[in-house]
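Chemist: below are the sequence and a predicted model for it; my questions follow.
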Amino acid sequence: MKKFNIYLRSSLLFSTALCCLQSCVKDFVPSEKAAFSLDMAFSQTEFRPVLGRNYNQNFFNDDQSTRPLNFRILNVRAFDGSEAPELLKPFPVEVWKKPYTGLETSLEEINAKREIVNRPLWEIGLHSGSFTMWNVASSDFVRVEPDSCYLFDVEVSNSGGKRYFKDFKLKPQKEIPASAYFNESENVVGDSTRQPILDQQFWLNRTGDGSSITFKFLDSKLKPIKLSKFNGMTAEDWKYLVHGFNPKFATDSSSVTYDVVYPMPLVPTLNTRFNEGEKAFSTFKYNRVAFGGARISSTYKLLYTIYQKGDWEIIVYFPTQAPLFDND
């Protein structure tokens, strides 16, 4: 019995000593550091965001460094070395708290997916390394080219190391509040030549501080083309002409106005029934009967971008000949 007790005690003492030894060895083994490549790099060191719109780009290659990495913008200054507090001061900006899909059925549903937060005008994603310029940046207080503009540095780090990238250049471009483009048409011919219309102009006018968009067409004599001419448009087509609501037609059928949310498109990285990437589009349709009784369906597709909130009107002007709407 005594021998058993001695053996048991010896085993316990050995186990305890082994555990202590393992613990000590573990304490002295250095923890594995994160990989931090000295070949990490930014593929672009000069940035030219257009003011008045959200800019978000990532040009960083981590060269297999361990994520997450931490990014910080440092030493923001004007090109002459003076301070540039306008880039670092927090401003209220709208961000998406729920994904926009393009299927929203009211202004309220869209607005409920956004919220206002305070962010510096120029920033870098803490772990992504993406550069962001927010759309509230304005040439009223931000330097734009041809000014030499700004310089800044970037710090990148993880538990394995830290590196500084010096003298990045930031050269903001003056705002372009809106643009319109003719994209394509099908079976749209002139009322005098019966040939495809090549001569047309697009006018974008901001008429107020609301949040609406109006469409108009003018013939060569600057007279309104009645929207009733677009007889191929169903009620559904007018409803989904733009991601807007409450369409209001002028009493003389010269225009149609929608309540909308800006910018347009709302999310340029997402294709929806209202936009192709960075361009919103609206399609107008009409039908006519040609010689021999053939039915011709025509479409006119207009592409545009509008970044500044307001009451906007898009006017399509045909300076030499209007589309042929009448039957042969």
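Modeler: That came through, no problem. Source: prediction; values computed, not measured.

Chemist: contact partners for the residue nearest to Ile315 when sequence neighbours are not counted?
Modeler: Closest residue to Ile315 apart from its sequence neighbours, by Cβ to Cβ, 6 or more residues apart in numbering: Trp203 at 4.2 Å. Every C-beta, even on glycine, is put in place using the N, C-alpha and C of the backbone. Applying Cβ atoms under 8 Å, 6 or more residues apart in numbering to Trp203 gives the contacts Ala180, Glu313, Ile314, Ile315, Tyr317.

Chemist: closest one of the residues you listed to Phe60?
Modeler: When the contacts of Trp203 are ranked by distance to Phe60 (Cβ to Cβ), Ala180 comes first, at 35.0 Å.

Chemist: give me phi/psi at the closest one?
Modeler: Its backbone dihedrals place Ala180 at phi -130, psi 150, with angles given as degrees, to the nearest 10.

Chemist: still on that earlier bit, quick one: the contacts of Trp203 as TSV, columns for distance to Lys279 too.
Modeler: Shown next, in TSV, are the contacts of Trp203 (distance: Cβ to Cβ, whole Å):
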residue	distance to Lys279
Ala180	10
Glu313	18
Ile314	13
Ile315	18
Tyr317	20
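
Chemist: which one of those has the most neighbours?
Modeler: Ile314 (21 neighbours; other Cβ atoms under 10 Å).

Chemist: give the contact list for the spatially most central residue of the chain.
Modeler: Centroid-nearest residue in the chain, with Cα atoms, centre = their mean: Pro268, separated by 4.4 Å. Taking Cβ under 8 Å, 6+ apart, we find Pro268 in contact with Asn275, Gly277, Glu278.

Chemist: so Ala109 sits in a strand?
Modeler: To be clear, residue 109 is Glu; Ala isn't right here. No. Membership of Glu109 in a strand is not supported by DSSP: H, G, I helix; E, B strand; the rest coil, which gives helix.

Chemist: pLDDT score for it?
Modeler: On pLDDT, Glu109 comes in at 98.

Chemist: how near is it to Glu236?
Modeler: 19 Å (Cβ to Cβ, to the nearest Å).

Chemist: for Gln195, same thing?
Modeler: In terms of Cβ to Cβ, Gln195 sits 32 Å off from Glu236.

Chemist: ok, now Glu83?
Modeler: If you go by Cβ to Cβ, the gap between Glu83 and Glu236 works out to 56 Å.

Chemist: just Tyr300 next, same as before
Modeler: Remark: distance between Tyr300 and Glu236 (Cβ to Cβ) = 18 Å.

Chemist: more crowded one of these two?
Modeler: Taking other Cβ under 10 Å, Tyr300 and Glu236 do not tie; Tyr300 has more neighbours (22 against 8).

Chemist: for the more buried one, list each beta-bridge partner.
Modeler: Here Tyr300 sits in beta bridges with Ser185, Phe284, going by DSSP bridges.

Chemist: what sits against it?
Modeler: Residues in contact with Tyr300, defined by Cβ under 8 Å, 6+ apart, are Ser185, Val188, Thr283, Phe284, Lys285, Pro323.

Chemist: follow-up on the earlier one: what's the pLDDT at the residue nearest to the centre of the chain?
Modeler: pLDDT, Pro268: 94.

Chemist: helices of the stretch 101-250 of the chain, start to end?
Modeler: Secondary structure of the stretch 101-250 of the chain (DSSP state H, counting those that start in this stretch): helices located at 107-112, 235-239.

Chemist: just those helices: most buried one?
Modeler: Most buried of those, by mean neighbour count (mean count of other Cβ atoms under 10 Å): helix 107-112, with a mean of 14.

Chemist: from the chain's centre, how far out does that helix sit?
Modeler: Offset of helix 107-112 from its chain centre (Cα atoms, centre = their mean, to the nearest Å): 18 Å.

Chemist: check what pLDDT the nearest residue to Asn205 once chain neighbours are set aside gets.
Modeler: Take Asn205 and drop its neighbours on the chain: the residue closest to it by Cβ to Cβ, 6+ apart is Glu313, 5.1 Å away. Glu313 carries a pLDDT value of 98.

Chemist: can you tell me which residues contact Glu313?
Modeler: Taking Cβ under 8 Å, 6+ apart as the criterion, Glu313 is in contact with Trp203, Leu204, Asn205, Thr207, Ile213, Thr214, Phe215, Lys216, Ser255.
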